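Trainee: sequence first, predicted coordinates after that:
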Amino acid sequence: MINSLSSIRYIARFEAKTLLRSRLFRIFSALAIVVITLSNLAAFTSIGAGMTAYVVAGSVPYMNMLFLNIVQSVITIFLSSDFLGRDKKLDTTEAFYVRSVSNFGYVMGKTLGILTVFFFLNLVILLTGLIINIVSPTTDLVPVTYLIYPLLLSLPSVVLVLGLSFFLMTLIKNQAVTFILMLGLLGAGMFYFSNKWYNVLDVSGFNTAMAYSIFTGLSGVANLLMVRGAYVLLGFGFIFFTVLMLSRLPQERHFRTRTIAAMLLAFIPAIAMLSVFVIRKANGETLRAEIIKLEETLPMQPSLTITENHLSLSQNGNEIAVVSQLTAFTESSKISFVINQGFTIHNIKLNGNDVSFERRLHIVSLKSDDAAGKFLQIEITYSGKPDERTFFPEIPEDVRLRSSHLNMLMAGKEISYISPDYILLTREAGWYPVAAARNYRSYPQFTRFTLEAEVSPHLTVFSQGQKEAANNKVRFTPETPLNALSFTAGKYETRTLVLDSIEVTLAVHPRNIKFIDRYFTEINDTIPVLLSDMKGDFERRLGYTYPFKRFSVIEAPIHFYTFPRNWTLTTDDTMPEQLLLPERGAAEWNYDLKMQDRMTGWQNRDEGELLPKEKQARVFKNVVGNMLFSASQFNFGWNERLRHSIFPQYAGYLSGIEQEGFPAMQFIIENYLFSRVINQGASIFNFSGNSEQIVLKLKNKNLLSLLDSMKYDSKLPDLVSRKGAELFRTLQLNVEPQNIDDVLNTMLAKQNFELAPVDTFMHRLNQTTGNALSPLVDNWLHNTASAAFLFGETRASRINDGNRERFQVRLQAQNTGNGDGILSVAVREQPRDGDHIPTASRRNGSFNQKEEIITMTVDKTYMIRAGETVEIGIVSNSEPRELVINTFVAHNVPVSQTIPINNIGEERSAAFEGIRPYSGTILTSQPYEYIVDNEDAGFSIINQQEKNTLKDWWLLHTAPDTGDKYKSINDWRPAHKWEFVLGNYYGNYVRSMVYIRKGNGANKVQWKTELPESGNYTVYVYLPNKHRRWNNQDDNDHAGSYSYTVVHDDGEEAVQVKVVREAGWHALGSFYISKGTASIMLSDKTDEHIVIADAVKWVRR
Amino acid sequence: MEIKIENLRKVYSGGYEALKGVNLTIGNGMFGLLGPNGAGKSTLMRILVTLMDASAGDVFVNGMKLTDHRKEVRALMGYLPQDFRFFPKLKSWEFLDYAAAMAGVSSSRERQMMVDKMLAEVGLYEVRNRFANKLSGGMKRRLGIAQALIGYPKIIVVDEPTTGLDPEERIRFRNLLSQLSQEDVIIVLSTHIVGDISSSCNQMALLNKGELKFAGAPDAFIRQAEGHVWSINAGFEEMAVIKEKYQVITSIPSNEGYSLEIVTAGSNAPDRNDAQPVSPNLEHAYVYFMESEAND
């Protein structure tokens, strides 16, 4: 008889030995080691193309453990099902079953054996990573992460997967089924259940934020411990279940009772922990809903105007204690302000006397009968830390849950910090009192702040204003009233320079400064010049100068994340005078110094070797330009593009316009100002995928009602900016453009650091525009009618303008809608002979790229009233290639379309520029033509086979259903059912097509029309420009064909049409067709990768 | 050592009754369990080694009820299953080392000596570093025997141990077992090779169709067949008739025909002039027994 511990040890040892020798394990481990080593080399060293997540502290063990998790899960599943399977059939096992070992000891021994082997595999992987971590100069070696990731990521996954596969194998008793089920579960956890139920099923850890911040460590440690700890317990629970079900007679006394007890001891706390986690998250949801509800009961306008706020803050471990002395004017006897409900309010004094107050969530109210119409002194003493669940209550939960990916790795979404070593408080943290009102978040008041802070002496502190240190305290005195105040304290190393009398500071963690310095060894003297150039260029376009005395870029924890809001382009990532940038640029490609350094080398290789100084200057300009002065829309998508821009310093933190309801005016002005700094050309293209949906939404609805119904809809900013663009374009048609800008600049200058009521603002504008504005704005807000444009022929011709040869382009357009509308037109010109177009410059969206050589005329806006038909004339200097038309909010989609110009004729008449009435009519078809487009009633999808394979089913169930009719072509996974796509396709108002991936001919569409008379008809199909795949693959050499079927009097005729590159009509042949219904079909059978169905026509001969 | 089996019954879930109330006492020494296929030998052995529970009845080992003292009984046990072929990826010595460890030998030095000795005894010392699953069929069998014997078990249960062994190995195996049986050890051996029992067992039992038909010393069993075994000579043409009439045990061909040993079920001598009574051995006794069972 041996004691159970040593028997566990023996079993474990021999299990480990056999496992180490098994071929499966060896192959998988070797594969894991090779793959992980190679990917480490690729991601973290200069050998590979790199992965920007290398900047995350601990990224090496984090990534390696993630990778390994997949491999070892697969091995575990296979092994455990194999182990139980083997035990069932082999007599060898029985020889050991008769030994005096408890069933518990037997299973635990096996488990321990497997875990031991994995321990060594983990060790090997970690050591490999460690070597790369040490060798690679751009990765940070954080020793503790070499403990955190194996324990938090690897261990729980292995134990749970092991337990679960034991469990399934015991239940199902079939190795293959267990294997498939477990792999399915694992895959589902990674893909299908990602972002569902707060990621509680994310066993492999791919969707769980586990990045490590050198400022603050892991994000949500308690939650991580709870969930990952629960996995370990669950795993052991399942293992105990296996002990219970082991097909061997037990020898322990009270075996069932004891094993069930052990099982429950594992399962109950595990389920409790997971429940607590989920309930807490759900409570957060409820709490945020309550906050929104409460805010909606508040009066629209605050009765309190806080003019001064003198804050004194001291840190006490994980909390702060604050005394806030307010000077405020109140219009009513009821005084309400907001302080985050995480803080405990100890005391409120009104004009020196203690007063009682009421608190509901974050709203604090008190009454003072004789206060109305007076200035008050209010002193509030409070302490604690903000409740993180209350931030950004209006953000939809799915957006909130969306992971913050850093390549493969994931960071948390944290907004404020108070810990002994690090404090970060932005406006959203509600750490200082502000006046309460329904829209207090969208109209923050401008207040004169002072801040006196006492924190532990080894921390560097940042806030707004002039900084002075005295007696362990730091005092900040901003020069102007501010609508946001932040407070940051942490271990920082700072670099400061003075630029145009503005103090520019870079503050980064002392460990990280070396990662920046290494790229800018030569350009210390040049940096001010480079910055000054970029700033100057930005301000020239914007029209006014930086309003503050200083600007700091402060490194924030990698988890720092603030949500974009529906009413502003400003996020909490910037605060007045500050940019809070997550650690080392948050793995953002554009900010990646290593990558930019290399890219700069590549891009300029044809210019020969760059001098180090020159190269560094370019890297600096690329990175800082992209970050602060970016004038492109493409960086992060519509809402994200300004996350780190300097622009809010010139707008959101400089002024505000207050109006009842949605702050449309403020947002429109912000958008307009931003459009000034956007590159010319970029403004006319709108790649924001939401534009079309916005236009479709606007049909027969006015802006006001939409603002209300889409209050929290993430598409709202697109709506407002599109409508805003329309308003300003209309305005420019009535007032000279230069005037509008002058007026606006003067106006904004008047209300710097002040929140102006919308009436005041409009009054001022009206005065300077001769009352042109008000009716326009009114109409713009309330009008439900909209334009719909029909375009006629486009003609281009050469004209002689003196000695120069120029080009005349004419476009006929008719507004068939029920409202007036505007459109803008620009001509894209052919590059002149000899113009060299370097490939790199073709890429849009990056700052400081060379100018596009293909030039475009400045787009001009034209108003076409309802029912009017016009001719628009444009004169260009180079040969015109195509017209680029933007229809703003008219019914036309897509909002931007191009019309190619194919023939250029000769013309003697004088050049015509502008717009004039056109007497002809615009025909969409000739009288003898019968056209059916895919948007017409005659078009139908006659067979929609959705599920052919398991993969189809999977795609159908995993593809997010956005509820939008129009999708975009997905090259990786082309649609498995017919889908509508907008673009440069045939159509009068809605230019769309329908496409599907290639198939066996089972999926079909049909065009039908009523032919009024019998006769010979030539049948045509319209094929748009051939869709270019992302990699341009099979673009030139290979041309497949589409399979059409024409129904005619003698039956049906199958016709193959070869797909060509240029758009146009293709004849299928001539057929005799009797009067009545005629039809043409198209199936998905093709050797192209997709089939496109657009328009067809029958032409009477 | 004493194993006492009381009224042991086993009914499988399909309703098949494998043991129909077996009563048996096994004392020290080698105990042979004989019986045709399906007699219930393996069932009885699997119950003995705690791999299976009986449906009714009890087994006592040294007075300890088996169902209540599995832990203690298992600590005394060495077992060689019938179909012992599939080994994990372990070397021969490692496999024995594992078995010794599981048998409770905790000192690794002691274990090593024990393993080496055992390897030598079963003639596997030369291949001690070979993986067990790479051994030949006979070697695997010997390794199986070794793992059952290692660690001084007090009860050794071996199910068909000599299948697949060549005669030399079989003799070595018998000697190994009889060495052990000198001590305070019970060796239960189930076999259909009668020679295994006759040469080494001091006790035996015979099972048929789940019932115990005989228990006692092999001599007593043999005595039952006295007067029922005969030697006769038969011509070629007679063979068919004789085979129909008697159970033929041996047939040695000669010029005139065959020299035969036959067993008669009844008490009468065969109706032949040349019939000579033969003093029966265990094999004869077994055949006689099976023959008389069939005629009942």
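Mentor: That came through fine.

Trainee: could I get the full set of helices for the stretch 351-500 of chain A?
Mentor: Counting by DSSP state H, counting those that start in this stretch, the segments of the stretch 351-500 of chain A that form helices are A:397-401.

Trainee: now it against chain B: closest residue?
Mentor: In the stretch 351-500 of chain A, the residue that lies nearest chain B is A:M408 (35.2 Å; CB to the nearest CB). Yep, even glycine has a C-beta here, placed from its N, CA and C like the rest.

Trainee: A:P61 should be in a helix, yeah?
Mentor: Yes. Under DSSP: H, G, I helix; E, B strand; the rest coil, A:P61 falls within a helix.

Trainee: so how far is chain B from it?
Mentor: As for A:P61, its distance to chain B is 31 Å (criterion: CB to the nearest CB, to the nearest Å).

Trainee: show me what from the stretch 51-200 of chain B comes close to chain A.
Mentor: Neighbours of chain A within the stretch 51-200 of chain B, by CB under 8 Å from any CB of the partner chain: B:51-53, B:70-72, B:74-75, B:77, B:79-90, B:94, B:98-99, B:101-104, B:106, B:144, B:147-148.

Trainee: what about those residues, which are in helices?
Mentor: Residues of those located in helices (DSSP state H): B:70-72, B:74-75, B:94, B:98-99, B:101-102, B:144, B:147-148.

Trainee: what would those look like in JSON lines with distance to A:S416?
Mentor: JSON lines is the format used below for these (distance: CB to CB, whole Å):
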{"residue": "B:R70", "distance to A:S416": "61"}
{"residue": "B:K71", "distance to A:S416": "59"}
{"residue": "B:E72", "distance to A:S416": "64"}
{"residue": "B:R74", "distance to A:S416": "62"}
{"residue": "B:A75", "distance to A:S416": "63"}
{"residue": "B:E94", "distance to A:S416": "59"}
{"residue": "B:Y98", "distance to A:S416": "58"}
{"residue": "B:A99", "distance to A:S416": "62"}
{"residue": "B:A101", "distance to A:S416": "58"}
{"residue": "B:M102", "distance to A:S416": "58"}
{"residue": "B:G144", "distance to A:S416": "69"}
{"residue": "B:Q147", "distance to A:S416": "65"}
{"residue": "B:A148", "distance to A:S416": "69"}
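
Trainee: only whichever of those residues are buried, select them in ChimeraX.
Mentor: ChimeraX command restricting these to the buried ones, with burial defined by 16 or more other CB atoms under 10 Å in any protein chain shown:
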select /B:70,71,72,74,75,94,98,99,101,102,144,147,148
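
Trainee: adding distance to A:L160 and pLDDT, write the ones in helices among the residues of the stretch 51-200 of chain B next to chain A out as JSON lines.
Mentor: Output for these, formatted as JSON lines (distance: CB to CB, whole Å; pLDDT from 0 to 100):
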{"residue": "B:R70", "distance to A:L160": "32", "pLDDT": "92"}
{"residue": "B:K71", "distance to A:L160": "31", "pLDDT": "91"}
{"residue": "B:E72", "distance to A:L160": "36", "pLDDT": "92"}
{"residue": "B:R74", "distance to A:L160": "32", "pLDDT": "92"}
{"residue": "B:A75", "distance to A:L160": "35", "pLDDT": "91"}
{"residue": "B:E94", "distance to A:L160": "31", "pLDDT": "94"}
{"residue": "B:Y98", "distance to A:L160": "29", "pLDDT": "92"}
{"residue": "B:A99", "distance to A:L160": "33", "pLDDT": "92"}
{"residue": "B:A101", "distance to A:L160": "30", "pLDDT": "93"}
{"residue": "B:M102", "distance to A:L160": "29", "pLDDT": "91"}
{"residue": "B:G144", "distance to A:L160": "37", "pLDDT": "89"}
{"residue": "B:Q147", "distance to A:L160": "35", "pLDDT": "92"}
{"residue": "B:A148", "distance to A:L160": "38", "pLDDT": "91"}
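
Trainee: list the contacts of the residue positioned nearest the centre of chain B.
Mentor: Central residue check for chain B by CA atoms, centre = their mean: the C-alpha nearest the mean position is that of B:S190, 2.4 Å away. B:S190 is in contact with B:G32, B:L33, B:L34, B:G35, B:K41, B:S42, B:L44, B:M45, B:V158, B:D159, B:E160, counting by CB atoms under 8 Å, 6 or more residues apart in numbering or on different chains.

Trainee: can I take it that it is in a strand?
Mentor: Yes. Membership of B:S190 in a strand is supported by three-state DSSP.

Trainee: look at it and report its pLDDT.
Mentor: If you check B:S190, the pLDDT there is 88.
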